[in-house]
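Engineer: Build the 3D model from these lines:
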Amino acid sequence: MKFIFADSLDHVDPGYDFVRDRYAEGRVPYWDDAYPHEIMGYAPYDGMLVSRGIVGGVAVGGKYTEAQAMRFRRVGAREFLRLDKPALDKLPIFGDCGAFTYHKEERPPYRPEDTAEFYDDGRFTHGCSVDHIIFDFDESLSGFEGGTEDARRRFDITLENAAEFLKATSHMSGRFVPLGVIQGWSPGSMAEAARRLVAMGYEYLALGGTVPLKSGQIKACLRAIRDVIPSGVRLHILGFAKADEIETFQSFNITSFDTTSPLIRAFKDAKANYYLPTSSGTLAYYTAIRVPQALENPKLQRLAKQGALNQEQLVAMEAHALSALRSYDRGDLGLEDTLEAVIAYAAPALMGAPIGELPGIKAVEELRSRYRRTLTDRPWKMCGCPICKALSIEVVIFRASNRNKRRGIHNLGVYEALVRNLPCRSEFDDDIQVSSDQGATERAAHSGVVCSPCL
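Structural biologist: Residues are numbered from 1 along each chain as shown. Below you'll find the predicted structure:
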């Protein structure tokens, strides 16, 4: 299985000042920033995916600025993502339409023909057909039964677009691999969509609409799909939100999947936001220690307005917590003193009341327990990735985007190693070019053994 990272301009300022919490002087966003494969010195993934909805345009407003979108179209995805260096220029670049960005529309805002042109002009290696997401799901339905009128309408639109998309790519001389997107409201309907896509001529399918589904439901869909398509047809999972459970999906012969989960968990998960590999090949999760900026945190500002704590106190508590963590990292302060400094500041920031007003509160004790484990184990000392080597304890401080994204990039590296060390099914990987031997060796130096059939 190949781990494809779904990018959303996830780069960081390499010159960021972590002591003063300031960007580098004169920094120009994007131009001076670094993508994960630049800050790490190797690609912590097997490829990247860019959604047309993220790039944006006239039909849908994206995340890119107008200037960035114009440059993306002018120079192509590889140069824009800075994947044009020798160690990276064989990494696949997937494209999809970002169906969630237009899920409220009657029809997708993109046509199959202009989508094919978008992939071809952007020099993508793989491109997904134009789909219309279906949110309904009922695992109990048999075969092609059920489905609301709207679900069936979206099903038909997705397949009609897939047929037109395949025709639109026929004159492009195989410059990118087309993927037919599967949408459905049940395992049976998704299997029927897959069967029809293969009949159209697709040899690579992408399963969509999985984000709200539970692992068991996704597996039921994959099982039904595999029952009706030839074993050699490749499968990709779009927006795989269950990435932490990827090892349980090996039996379905998945060729590739895309996710942002390891990076997003770094700043959206309250408890498990720092990854560390274990000797058994699984992941251990740690809680990053929150030290928000005193003058920007809403709960702290509310306390200041109420008079419970004044701003001078908050700034002093913030500085004390940061100083304690750094002193602990150097070995100049003990665990208990560090923990108390952190909790005294974190509790009001997270729970909206001074620590003295929260005696015996279960949430405070749970937070103390999680922080104690993080500080006791010192996971940042056990990781050899460039992020942890450069930042030390700063990587587990939950505070502002540049720290949090770096922790997310660390997570990407840990996760990529986990996926890479799963048993290979290289017979399904023919279409997916991975990085060169040099790039694979660089990854191995940081995170383990490379399985030679995947190189």
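
Engineer: Could you check how far the residue most central in space within the chain is from I39?
Structural biologist: In the chain, the residue lying closest to the centroid (CA atoms, centre = their mean) is T260, at 0.8 Å. Taking CB to CB, to the nearest Å as the criterion, T260 is separated from I39 by 16 Å. Quick note: C-beta positions are derived from backbone N, CA and C, even for glycine.

Engineer: For the residue nearest to the centre of the chain, which non-adjacent residue is closest in space?
Structural biologist: A6 (4.9 Å; CB to CB, 6 or more residues apart in numbering).

Engineer: Run a quick neighbour tally on that neighbour.
Structural biologist: Other residues within reach of A6 by the criterion other CB atoms under 10 Å amount to 24.

Engineer: likewise D17?
Structural biologist: 12.

Engineer: now swap in the one 3 residues further on and tell me
Structural biologist: Here the number of neighbours of R20 (other CB under 10 Å) works out to 7.

Engineer: Also the one 4 residues further on?
Structural biologist: Burial of A24, expressed as a neighbour count using other CB under 10 Å, amounts to 13.

Engineer: heads up, I number from 20, so please use that
Structural biologist: New numbering, starting at 20: the last item is A43.

Engineer: host element of it?
Structural biologist: Element membership for A43, per DSSP states H and E: none, as it lies in no helix or strand.

Engineer: can you pull out the helices in the stretch 120-269 of the chain?
Structural biologist: Assigned helices in the stretch 120-269 of the chain, in chain order: 131-140, 168-188, 206-219, 234-247 (criterion: DSSP state H, counting those that start in this stretch).

Engineer: Which stretch among the ones you listed is buried most, on average?
Structural biologist: With neighbours defined as mean count of other CB atoms under 10 Å, these peak in mean count at helix 206-219, which reaches a mean of 21.

Engineer: quick one: average pLDDT of it?
Structural biologist: Per-residue pLDDT over helix 206-219 has a mean of 98.

Engineer: residue with max distance from the center of this structure?
Structural biologist: For the chain, the residue at maximal distance from the C-alpha centroid (CA atoms, centre = their mean) is G326, at 40.5 Å.

Engineer: G207 is in contact with R242, correct?
Structural biologist: No: with contact taken as CB atoms under 8 Å, R242 and G207 are classed as non-touching, separated by 10.9 Å.

Engineer: got the contact list for the residue nearest to the centre of the chain?
Structural biologist: With contact set as CB atoms under 8 Å, 6 or more residues apart in numbering, T279 has these partners: F24, A25, S27, D29.

Engineer: What does it show for phi and psi?
Structural biologist: Torsion angles at T279 (phi, psi; degrees, to the nearest 10) stand at phi -110, psi 0.

Engineer: Please tell me how far it sits from P55.
Structural biologist: Between T279 and P55 the computed distance is 11 Å (CB to CB).

Engineer: what touches both of these two?
Structural biologist: Taking CB under 8 Å, 6+ apart as the contact rule, the neighbours common to T279 and P55 are F24, D29.

Engineer: what comes into contact with stretch 186-201?
Structural biologist: Stretch 186-201 has contacts (CB under 8 Å, 6+ apart) with 113-115, 131-132, 134-136, 138-139, 142-150, 177, 181, 184-185, 209, 212-213, 216, 219, 221, 223-227, 244, 255, 257, 450.

Engineer: Could you report the distance from F91 to L107?
Structural biologist: 17 Å.

Engineer: and L198, how many neighbours?
Structural biologist: Using other CB under 10 Å, L198 has 28 neighbouring residues.

Engineer: again, but for D356
Structural biologist: D356 sits with 12 neighbouring residues when counted by other CB under 10 Å.

Engineer: so it touches A343, yeah?
Structural biologist: Yes: with the criterion set as CB under 8 Å, D356 and A343 qualify as a contacting pair; they are 6.7 Å apart.

Engineer: What segments of the stretch 270-419 of the chain are strands?
Structural biologist: All strands of the stretch 270-419 of the chain, identified by DSSP state E, counting those that start in this stretch, fall at 275-278, 293-296, 302-305, 308-309, 416-417.
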